[in-house]
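S.K.: Got a sequence here, can you model it:
(one chain, ligands or ions: 1)
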Amino acid sequence: MPREYTYGPFQSRRLGLSLGIDILTKKKTCTYDCVYCEIGSTLLLVPPTYEIKNPPTSHYRNEIKEMMRLFPNLDSITFGYNGEPTLNPYLGDYYRITSEERKDVKWNEKKPYISLFTNSSTVYLEEIRDRIKVFDYVLAKLDVGNDKDFIKTNRPHEKVPSINIIIESLIKLRSLMSHKKFDIQCLIYNSYRKDFNSNNNEKNIINLGNAIKKIKPDAVQIYSIARIPSEYFVYAIREQQKKSIVKTLKEIVNNEAIEINYY
Ligand code: SF4
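M.R.: Residues are numbered from 1 along each chain as shown. Next comes the predicted model:
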């Protein structure tokens, strides 16, 4: 059967054996155009209310069923490696079908999570929070804690709300998901352009720490660029820098219930 929706599985440091699910269009459409994006520049920069109307076809059920039977050792079935999946208003239908099919499989060990990556730009919309909250595991992006760094790093569409509104929305989403897994992912990078300060600056790390303290996720994942970034002048931070960011964040967050790790 030709594969339209799934790719992999592949081994992910954070998710284990993960089957990727693509419910977007082939043309990269996103509410952000991150300087470090590893899937290239955003071809269509859209507002958070934009809808990619791709409902699941019958092929989706058949394909996911077949992939689950082929890989009964999956750890995660993951939406959103290639853009912002919450732009698809049928995300809830994809979740439902995936969850129904997951019940019928004899899994090797425990059943895989149904996971979602989101860039957090749409989470201020109540209907999007309602669609997201059913997932077993949500990994929400937050690379910055102030608007200056937000605009430089994530280059959001002008209709994306301010970072404070996004942080408040993540607090609301977290409260809806208290029995699920909820992590924050922060991609921190360096820049060698003197006129372009990266998000690896002291003010941003402090602002991020204060935001994480309020959001109270289960865990925070600090990571950096691992493939070719969208802009030539950005590059990965070193392991030592990741360690030092983790230390600073732990001091600010001061909450042992929140795991803070680097990858
Ligand atoms: S949010 Fe994700 S897909 Fe969109 S530009 Fe940023 S890194 Fe790329």
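S.K.: Check the secondary structure at Thr153 for me.
M.R.: Using DSSP: H, G, I helix; E, B strand; the rest coil, the structure places Thr153 in helix.
S.K.: Next up, phi/psi of Glu127, please.
M.R.: Dihedral pair for Glu127: phi -60, psi -30, per degrees, to the nearest 10.
S.K.: Tell me which residue in the stretch 151-263 of the chain sits closest to the ligand.
M.R.: Asn154 (6.2 Å; C-beta to the nearest ligand atom). From N, CA and C alone the C-beta is placed, and that goes for glycine too.
S.K.: ugh, wrong one, I meant the stretch 51-200 of the chain
M.R.: Per C-beta to the nearest ligand atom, Asn119 is where the stretch 51-200 of the chain lies closest to the ligand, at 3.6 Å.
S.K.: ok, how many other residues are close to the nearest residue to that residue once chain neighbours are set aside?
M.R.: Setting aside the residues directly before and after it, Asn119 is nearest to Lys141 in space (C-beta to C-beta, 6 or more residues apart in numbering), at 4.6 Å. Using other C-beta atoms under 10 Å, Lys141 has 21 other residues around it.
S.K.: you'd agree Lys106 is up against Pro72?
M.R.: Yes - contact criterion C-beta atoms under 8 Å: Lys106 and Pro72 qualify, at 6.4 Å.
S.K.: Tell me which of the two has more neighbours.
M.R.: More crowded of Lys106 and Pro72, by other C-beta under 10 Å: Pro72, with 13 against 8.
S.K.: How about that one: what's its closest non-neighbour residue?
M.R.: In space, Pro72 is closest to Asn108, 4.9 Å off (C-beta to C-beta, 6+ apart).
S.K.: Go ahead and confirm that neighbour touches Arg69.
M.R.: No - counting by C-beta under 8 Å, Asn108 does not reach Arg69; the two are 11.9 Å apart.
S.K.: hang on, the earlier thing: the residue of the stretch 151-263 of the chain closest to the ligand and Ile260, how far apart?
M.R.: 21 Å (C-beta to C-beta, to the nearest Å).
S.K.: Which parts of the stretch 51-200 of the chain are helices?
M.R.: 58-70, 91-103, 126-132, 147-154, 163-176 (DSSP state H, counting those that start in this stretch).
S.K.: Now do the last one: which elements does it pack against?
M.R.: Helices and strands in packing contact with helix 163-176 are listed as helix 126-132, strand 137-141, helix 147-154, strand 181-187, helix 202-215; criterion 3 or more C-beta pairs under 8 Å, 6 or more residues apart in numbering; DSSP states H and E.
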